[in-house]
Structure formats: structure tokens, C-alpha cells
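**Q** how would this look folded up:
(one chain, ligands or ions: 4)
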Amino acid sequence: MLLSDILYNISLITVSGKTDIEIEQITFDSRQVNKGTLFVAVPGTQSDGHDYIETAIDAGASAVLCEVLPKMLEEEVTYIQVENSAKSMGIAAGNFYGNPSKRLTLVGVTGTNGKTSVATLLFKLFRKLGYKCGLISTVQNQIEDEIIPATHTTPDSITLNALLHEMHQKGCAFVFMEVSSHSVVQGRISGLHFSGGIFTNITQDHLDFHKTFDEYIKAKKGFFDALPSTAFALTNVDDRNGKVMLQNTKAEKHSYSLKNIADFKGKVLDCGLFGLQMEIDKQEVWFKLIGQFNAYNLLAVYGAAVLLEENPENILTELSQLTPPPGRFEQVISSQQTVGIVDYAHTPDALKNVLETINGLRQGHERVITVVGCGGNRDKGKRPLMAGIACELSDTVILTSDNPRFEEPEDILKDMEAGIPITKQKRVQVIVDRREAIRQAVALAGPEDIILVAGKGHETYQDVKGVKSHFDDREELKLAFHAQQ
Ligand SMILES: CC(=O)N[C@H]1[C@@H](OP(=O)(O)OP(=O)(O)OC[C@H]2O[C@@H](n3ccc(=O)[nH]c3=O)[C@H](O)[C@@H]2O)O[C@H](CO)[C@@H](O)[C@@H]1O[C@H](C)C(=O)N[C@@H](C)C(=O)N[C@H](CCC(=O)O)C(=O)O
Ligand SMILES: Nc1ncnc2c1ncn2[C@@H]1O[C@H](COP(=O)(O)OP(=O)(O)OP(=O)(O)O)[C@@H](O)[C@H]1O
Ligand SMILES: N[C@H](CCC[C@H](N)C(=O)O)C(=O)O
Ligand SMILES: [Mg+2]
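**A** Numbers count the residues shown, from 1 in each chain. Ligands and ions are numbered 1, 2, ... in the order given. A predicted model of the protein is given here:
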């Protein structure tokens, strides 16, 4: 494609060189550059892409999109200067792939917790309603039955547009995607045409990246600020920042709630280990998902589907058949009927919700044993909070490792231990090795007890110093239950 066509709709500060040159690929990584590449220099968290412009040119880049021009310009290279190279790259990627987001109905889901659940339920629902669909999510990307592994919750703008292009080529009418706060700030979704946006909730997470909660709110709100007037914006008004999200959007505003006045109102009638009974739009429906937090997810899905002009009765009929994504309140039951629950709760709010749900399901003298850790190189502020919540809402807590990444597991555990009140210390054990921690939980559990293994959900690896080794909480629980027999 001609460089001039790739630059369509991007506001340019300066252009040096020809723009009627053929571009074969766009990349922001000098290690991926080939002949005929447009290299985009993006400032990052570890390094600055501007430092790799020379390397990219040596590797064959014929054009460079950047925020700061190099001191020495090569004659045969075209340099384009813009204010924000990441955001411009999003628009360029859209142009390069024929703006696929305009050719299908794209709905984005943002919020601290519930994005994967809502996006996946929408994907499954719309397939049941007879449409070809695509999914972009933490667990996996999917085009109908074809599974494409995911590396991020929201991929970079080039991968994203390539994926949307493929989804359009393969006939998808609807695509449901997660919009992470990182993706808004880093311009991964820039230039995309959304037909709808959904907000789930906002609580503490990712402050390592956003620094303050206000900045985190601003990032999520940025998604709604950029929605077009043709889109719908659906928010959870039971969240204290639900209305704030839609404050400046041009999109058509809608709300859902379990507690306040809203366009889509629901009521939880019953909640057990097998499902959830709710009243939505005066209809009583039994769902296969568990916990009040899933009542919110179901309402968001219902509201979005109505706004996408599906028949309410059909929506509820199909929705009632759906199961949660893997690793979300996934149950592993031992032969002695001990209930094991694997859940992706990796924020204080998620952990609190899941434990409150579990406590609400207690019928007799069951004890709740929680195994939990916190990821390395992520928000340190959530560590003591998660440990404190685990202690508050469990009888026994085993603190262990999640994905330590490049931190020492013992240091992460010390941060967690700081959140345990002296009065609750007796409830806590610290076992660095996650496999041992799960085995200890099983050894401690009686037939009536409930074991929660939180934080890794669907993940099938443990990331230690950049090396990902196979590890699956569900497998570990099964093995531990088996060994106990
Ligand atoms: C903190 C963060 O978001 N980092 C993302 C970011 O990397 P970065 O800013 O650290 O990049 P960098 O290493 O500083 O490099 C800067 C630039 O120089 C370029 N470079 C670098 C080296 C080189 O030799 N040549 C070169 O050109 C890089 O390609 C990059 O463009 O941009 C990269 C490319 O898009 C991402 O892969 C990377 O995600 C890392 C792996 C990551 O772990 N991200 C997590 C935190 C994340 O994004 N999570 C969210 C939300 C999760 C959720 O709540 O669900 C997600 O959407 O997944
Ligand atoms: N609506 C909700 N409100 C609060 N907690 C929720 C909600 N939905 C799910 N959770 C909790 O959060 C966990 C993660 O859910 P889910 O994967 O849907 O969230 P996510 O926003 O996609 O997370 P991530 O940021 O990792 O992509 C679940 O395992 C559950 O414990
Ligand atoms: N999307 C989240 C997932 C956290 C999952 C947890 N298992 C961890 O590794 O910290 C993140 O990247 O912060
Ligand atoms: Mg997710």
C-alpha cells in the first residue's frame, strides 16, 4: 500500500521524503523490520523506540513514523513526525488493513473485573443467535471455532487490525473485545470504530502503570470519550464511577443496575453452587453462572444484546444456557465431595466478591480454605489488600506464589503478609511453592470444606524470571485430590 494512503487521517507535523512509496508492512519493533517496512518509533516503559530508528533503517525500513526526528536524516528514507506515534500507529494500522472495524459490528468491554466474562458471554450468545462472531480476550482470541492464542488482553494496534481483518474476511458480523486500560493509554485501540462500549466496574489494579487511581479512571473513560455518536455506551450505575465514565461521551448513554434506577434492571432471586436465579425485564430466569458479580455480567450482556436489537426473550433463553469462561469460578470436586474452586480473582475486589459468594453458599460448618498469591512486576498496593481480604473471609489462608516474573517470590509474600492483622495471623500459612500450597490446602480440607485457589484461573503456566513453565491450578487440584484418596 502507498505510504500516503497509510497516513490518511493522521495529523502530521512534518514530512521529509516521498510518500508515494510502496509499504509492505508496519512494525514498532526494529527486530521485525524487513525491506519496505514503515517503522514506528514508540516511547515505551523499558526503552524508547526512537533509539532503534537507525537499526530499523539498517534492516531495510523505508519510512519512519516518530515523535522526534533524528538529528541526521537518511536521504532515501521518508520521515514522518507526529505528536503521538502510538496513537498514529493505530490509525495507520487501520488504513493498512482496510479499516476492518468499520466493516463489522465491534463492541468493546472495559472495567477492572468482568471484561473476559462479558465479552465471552456476548460472543457465545451471538453465535447461538445465529451470527458469525469473533472474540478478542485475555483467555484467547477466537474466530468462530478457530482458537488463536492471546498474548495480551488487548493486542497492539497492528496485531489487532490484522485480527479484525481476518475476522471480517472469514465472515464475522460481530466482534466482542476486551479493552484494557493499558490499551487506551498506549493507543492500541486508536482509530477503531466501535459500535458499542460497556463498562463493568473500576477498583484498584494496575497502579504500577497508571500511578494514581484518577489516572486509571481517566484511562478507562478515554475509551468512552472516543466513542462515536452512532455507538451505544452502557454503564454499571451501581459502580461509583459508572456515570463518570459516560460523562463526556458522544455515544447514546444507557445504564444497568441491581440497586439503582437504570435502563436495564435486574434482581437476584437466588444464588447457589449450581447457578443464579434472576429477574430481568419482569422475567424470571435461571442462569448457570454463580455469584452476584456474575449477575452484573449477565445484565451487561443482556443490555448490550437488546441495544444491538436482538429480541429480549431470545436473548434470555440462550443466555440461560451459557457457562462461564474457563478459570472463572471453575469447580473441581473431589471423590469425597470437597469442593475446589479455581478463580481468576487477581484484584482485591474480585477476591472479596468471590469469597463473599463462597461464604454465602455455606450451608453448615464448612470451612473455607483459600490459596492465593500476587503477580510480580505488577501493582504492589494490591498485595496487602488481597492478603487482608483472604484472611477476613476465610478460615485458613495459604499465601503462595502467582507469577513471580522478575521479582523474588519471598519479597512478594512479605508485601502480602503486611496486610494480615495480628489477630488473624494464626489462620495463615506461607508456602512459596504453589503446588505444595495446593496440596497443603487439600490435606487440610475435610469432605464438607471449600477450597478456593485464586489468581491464575485459566492460566496454564507459571512465569518465573521470564521462563513460562506449565502450571494449571485445575490440574494441580485434581492431582492433589487424587493423591489424597
Ligand atoms: C507495560 C506494558 O504495557 N508494556 C507493553 C509495551 O511494552 P513497553 O512499553 O515496555 O516496550 P519497551 O520494551 O519499553 O520498548 C519500547 C519500544 O521500543 C521497541 N524496541 C525495543 C527493543 C528493540 O530492540 N527494538 C525496538 O524497536 C519496542 O518494540 C517498543 O515499541 O508495549 C509492548 C508492545 O505492544 C507490549 O508487549 C508490552 O506489554 C507487556 C509485555 C505487558 O506485560 N503488558 C501488560 C502489563 C498489559 O499490557 N496488560 C494489559 C492489561 C491486562 C488486564 O488487565 O487484563 C493487556 O492489555 O494485556
Ligand atoms: N462483574 C464483576 N465484578 C467484580 N468481579 C468480577 C466480575 N466479573 C468477574 N469478576 C471476578 O474477576 C475475575 C476475573 O474476571 P474476568 O476474567 O471476567 O475479568 P477481566 O476484567 O477480564 O480481568 P483481566 O483484567 O485480567 O482481563 C473473576 O474470576 C471473578 O473473580
Ligand atoms: N491481566 C492481569 C492478569 C494478572 C493475573 C495474575 N495471575 C498475575 O500474573 O499477576 C495482569 O497482567 O496484571
Ligand atoms: Mg480479561
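**Q** how many neighbours does V339 have?
**A** 20 (other C-beta atoms under 10 Å). All C-beta atoms are positioned from the backbone trio N, CA, C, and that covers glycine.
**Q** how far off centre is the helix or strand bottoming out on mean pLDDT in the chain?
**A** Among the helices and strands of the chain, helix 207-210 carries the lowest confidence by mean pLDDT, DSSP states H and E, at a mean of 87. In terms of C-alpha atoms, centre = their mean, to the nearest Å, the centre of helix 207-210 is found 15 Å from the chain centre.
**Q** pretty sure F293 contacts G111?
**A** No - at 11.0 Å, F293 and G111 do not qualify as touching, with contact defined as C-beta atoms under 8 Å.
**Q** of those two, give the one with the bigger neighbour count.
**A** The residue with more neighbours, out of F293 and G111, is G111; 28 against 24, by other C-beta under 10 Å.
**Q** double-check that one against F199; I have them as touching.
**A** Yes - taking contacts as C-beta under 8 Å, G111 lies within contact range of F199: 5.5 Å.
**Q** intersection of neighbour lists for these two?
**A** K220, N236 (C-beta atoms under 8 Å, 6 or more residues apart in numbering).
**Q** run the contact check for stretch 78-98 versus ligand 1.
**A** No - taking C-beta under 6 Å from any ligand atom as the criterion, stretch 78-98 and ligand 1 are apart, separated by no less than 8.2 Å.
**Q** what strand or helix carries Y296?
**A** helix 292-307 (DSSP states H and E).
**Q** look up how far D473 lies from H482.
**A** Distance from H482 to D473, counting by C-beta to C-beta, to the nearest Å: 15 Å.
**Q** kindly report the same for E284.
**A** Here E284 is placed at a distance of 34 Å from D473 (C-beta to C-beta).
**Q** next one: V64
**A** From V64 to D473 the distance is 45 Å (C-beta to C-beta).
**Q** got it, and G446?
**A** Counting by C-beta to C-beta, the gap from G446 to D473 is 21 Å.
**Q** distance between the helix holding Y296 and the chain's centre?
**A** With C-alpha atoms, centre = their mean, you get 17 Å for helix 292-307.
**Q** same question, stretch 40-54
**A** Distance of stretch 40-54 from the chain centroid (C-alpha atoms, centre = their mean) equals 25 Å.
**Q** before we move on, what about stretch 328-335?
**A** That offset, for stretch 328-335, works out to 23 Å (C-alpha atoms, centre = their mean).
**Q** repeat that for stretch 199-217.
**A** For stretch 199-217, the separation from the chain centroid amounts to 13 Å (computed by C-alpha atoms, centre = their mean).
**Q** can you list the residues of the stretch 51-200 of the chain near ligand 3?
**A** Within the stretch 51-200 of the chain, the positions near ligand 3 by C-beta under 6 Å from any ligand atom are T153.
**Q** what are the boundaries of the helices in the stretch 51-200 of the chain?
**A** 53-58, 85-96, 115-128, 157-169, 181-185 (DSSP state H, counting those that start in this stretch).
**Q** and those: which comes nearest D395?
**A** D395 lies closest, by C-beta to C-beta, to one member of the helices of the stretch 51-200 of the chain: helix 115-128, at 27.4 Å.
**Q** give me the buried positions along the longest strand seen in the chain.
**A** Assignment by DSSP state E gives strand 264-272 as the longest strand of the chain. For strand 264-272, burial by neighbour count (16 or more other C-beta atoms under 10 Å) applies to F264, K265, G266, V268, C271.
**Q** just stretch 320-340 next, same as before
**A** Result for stretch 320-340 [16+ other C-beta under 10 Å]: buried residues 320, 322, 324-330, 332, 334, 338-340.
**Q** of those, closest to D225?
**A** For the buried residues of stretch 320-340, the minimum distance to D225 (C-beta to C-beta) is 28.3 Å, reached by P325.
**Q** can you give me every residue that contacts the closest one?
**A** T116, S117, T120, S137, V139, H458.
**Q** for G187, same thing?
**A** Contacts here follow C-beta under 8 Å, 6+ apart; on that basis G187 touches N84, A86, K87, S88, M89, G90, S157.
**Q** ranking these by neighbours, who comes first?
**A** That'd be M89 among the contacts of G187, by other C-beta under 10 Å, with 31 neighbours.
**Q** can you get me a residue count around Y79?
**A** Residues contacting Y79 under the criterion other C-beta under 10 Å number 17.
**Q** that one and I13 touch, don't they?
**A** No - contact criterion C-beta under 8 Å: Y79 and I13 do not qualify, at 10.6 Å.
**Q** pull the number of nearby residues for the residue of the stretch 1-150 of the chain found nearest ligand 3.
**A** Here the stretch 1-150 of the chain gets closest to ligand 3 at one residue, T138, 6.0 Å apart by C-beta to the nearest ligand atom. By the other C-beta under 10 Å criterion, the neighbourhood of T138 contains 22 residues.
**Q** name all residues that make contact with the residue of the stretch 251-400 of the chain found nearest ligand 4.
**A** Nearest residue of the stretch 251-400 of the chain to ligand 4 (C-beta to the ion) works out as Y344 at 7.9 Å. The contact partners of Y344, taken as C-beta under 8 Å, 6+ apart, are T116, G327, R328, A350, A454, G455, K456, G457, H458, E459.
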